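A.B. asks: Mind folding the following:
(4 chains)
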There are 2 protein chains.
Amino acid sequence: MARAATTSDVFNAIAEPQRREILVLLRGGERPVTELAEELGMTQPGASKHLRVLREVGLVRDRKAGKQRLYGLDARGLRPVHEWTGGFQRFWNESFDRLDEYVQDLKQTREKE
Amino acid sequence: MARAATTSDVFNAIAEPQRREILVLLRGGERPVTELAEELGMTQPGASKHLRVLREVGLVRDRKAGKQRLYGLDARGLRPVHEWTGGFQRFWNESFDRLDEYVQDLKQTREKE
DNA sequence: TTGACGCATGCCGATATCGGCATATGATCG
DNA sequence: CGATCATATGCCGATATCGGCATGCGTCAA
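C.D. replies: Okay, the predicted model is just below:
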């Protein structure tokens, strides 16, 4: 056994910085592959591969438009991520207090040594 | 050149399902490694490694408690993820409309053939 | 039909990742 | 000090990932 379940879920898809950039660009509307590649400074095959991953997890759709293929955003898959992180919201508000506790503990630890 | 920037950012850290589970468990409070490993059905070294990743991106902190080492949540790093996905919120609300457009286009395409 | 364009795919090399195992390190207690 | 518990680390094998390049395939225009 080796390497478990990382592929083809949304969390993995957006772990790649370039893929996040693609999604951001697509908020501006549908775009063909070449244009995306150019705007992001990557090769066309590179863009195609990232788009494939995004398509497989359902974050983009594609549509033929004559000779071109237009990619468009389907952001619904991002909602679970938003909600999952939202489940920690009250904790990042508490964090300063907790950090204080932590600092206190550190001080105590040092004094013991 | 090969393989670019995936490591040591929060998006990557939470791309791993087991690491997400760890974070969820830690919402219940600090816990030692062994306990986490047991509750999640993984080995102790496995848990330690995931905790290391989470520590390196700042999502957990550790604190010595006698013989043990307690891991605790520091959720502040999840905030950027929440906000980034939040930037797509209006798009996942629109998505049904867009999906309709898409279906229309599909029909047209088929009729042409 | 032939050529040109737009895009996808296949293959490769370099590297990163994850799980499992053994073992090192660190702390506590007798 | 020596034994023992708690955790980290190192090494390995299997696999996945990403970028680059060449090339395949489909579509349109002449």
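A.B. asks: Next up, the contacts around the residue most central in space within chain A.
C.D. replies: Central residue check for chain A by Cα atoms, centre = their mean: the C-alpha nearest the mean position is that of residue A:14, 2.3 Å away. Residue A:14 makes contact with A:20, A:23, A:59, A:78, A:81, B:11 under the criterion Cβ atoms under 8 Å, 6 or more residues apart in numbering or on different chains. Every residue, glycine included, has its C-beta placed from N, CA and C.
A.B. asks: can you check residue A:51 too?
C.D. replies: For residue A:51, the contacting residues are A:22, A:33, A:36, A:60, A:62, A:71, by Cβ under 8 Å, 6+ apart.
A.B. asks: Give me the subset of those residues lying in helices.
C.D. replies: Using DSSP state H to define helices, the subset of the contacts of residue A:51 located there is A:22, A:33, A:36.
A.B. asks: now those: which count as buried?
C.D. replies: With neighbours counted using 16 or more other Cβ atoms under 10 Å in any protein chain shown, these contain these buried positions: A:22, A:33, A:36.
A.B. asks: Export these as JSON lines, with columns for pLDDT and distance to chain B.
C.D. replies: Supplementary listing: those in JSON lines, determined by pLDDT from 0 to 100; distance: Cβ to the nearest Cβ, whole Å:
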{"residue": "A:22", "pLDDT": "98", "distance to chain B": "13"}
{"residue": "A:33", "pLDDT": "97", "distance to chain B": "18"}
{"residue": "A:36", "pLDDT": "97", "distance to chain B": "17"}
